[in-house]
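Enquirer: one predicted model, sequence on top.
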Amino acid sequence: MCSVETLSPSEELPALYRAVLDGVAELERLGERREAGRVRADAVRAYSRSWDAAGRRKLETILHRAERVAAERRRNGGAPARRRLTSPL
């Protein structure tokens, strides 16, 4: 019989936050400083609030965003990710 140990969000959040900060460092290395700043600010906000399942999901979403932008930057051969400009209405 196999037992699966499930960690509580409060046990998972520090490692997840560390992974987000690693993603921020990767974005900065790739020249995506503005996006790195946004990711860092969002992560700090999420990490400083409730340490529950919703907080874990928010940090996971932020981590995936950082990974997606970094992957796009690498796919573009190091060129900055294209941003869609919107005009004010």
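Expert: Ah, there it is.

Enquirer: tell me the SS of residue 7?
Expert: Using DSSP: H, G, I helix; E, B strand; the rest coil, the structure places residue 7 in coil.

Enquirer: pop out the phi and psi values for it.
Expert: Backbone geometry at residue 7, expressed as degrees, to the nearest 10, gives phi -90, psi 150.

Enquirer: can you get me a residue count around residue 8?
Expert: 11 (other Cβ atoms under 10 Å). All C-beta atoms are positioned from the backbone trio N, CA, C, and that covers glycine.

Enquirer: just how off-centre is the helix or strand hosting residue 39 within its chain?
Expert: Following DSSP states H and E, one finds residue 39 within helix 33-47. Helix 33-47 sits 8 Å away from the centroid of its parent chain (Cα atoms, centre = their mean, to the nearest Å).

Enquirer: which non-adjacent residue is nearest residue 73?
Expert: In this structure, residue 73 finds its nearest non-sequential neighbour in residue 30, 4.6 Å apart by Cβ to Cβ, 6 or more residues apart in numbering.

Enquirer: next: residue 43.
Expert: residue 20 is the one closest to residue 43 (Cβ to Cβ, 6+ apart), at 4.4 Å.

Enquirer: quick one: pLDDT of that neighbour?
Expert: The score at residue 20 is 98. That number is its pLDDT.

Enquirer: ditto for residue 50
Expert: 85.

Enquirer: show me the shaky parts of this protein.
Expert: 1-5, 78-89 (pLDDT under 70).

Enquirer: isn't residue 46 right up against residue 56?
Expert: No. Using Cβ atoms under 8 Å, residue 46 makes no contact with residue 56, being 9.1 Å away.

Enquirer: those two: which is more packed in?
Expert: Looking at residue 46 and residue 56 with other Cβ under 10 Å, you find the greater number of neighbours at residue 46, namely 23 against 19.

Enquirer: separation between that one and residue 72?
Expert: Per Cβ to Cβ, to the nearest Å, residue 46 is found 22 Å from residue 72.

Enquirer: just checking, what packs against the top helix by length along the chain?
Expert: For the chain, the helix with the greatest residue count under DSSP state H is helix 53-75. Judged by 3 or more Cβ pairs under 8 Å, 6 or more residues apart in numbering; DSSP states H and E, helix 53-75 is in contact with helix 9-29, helix 33-47.

Enquirer: lovely, talk soon.
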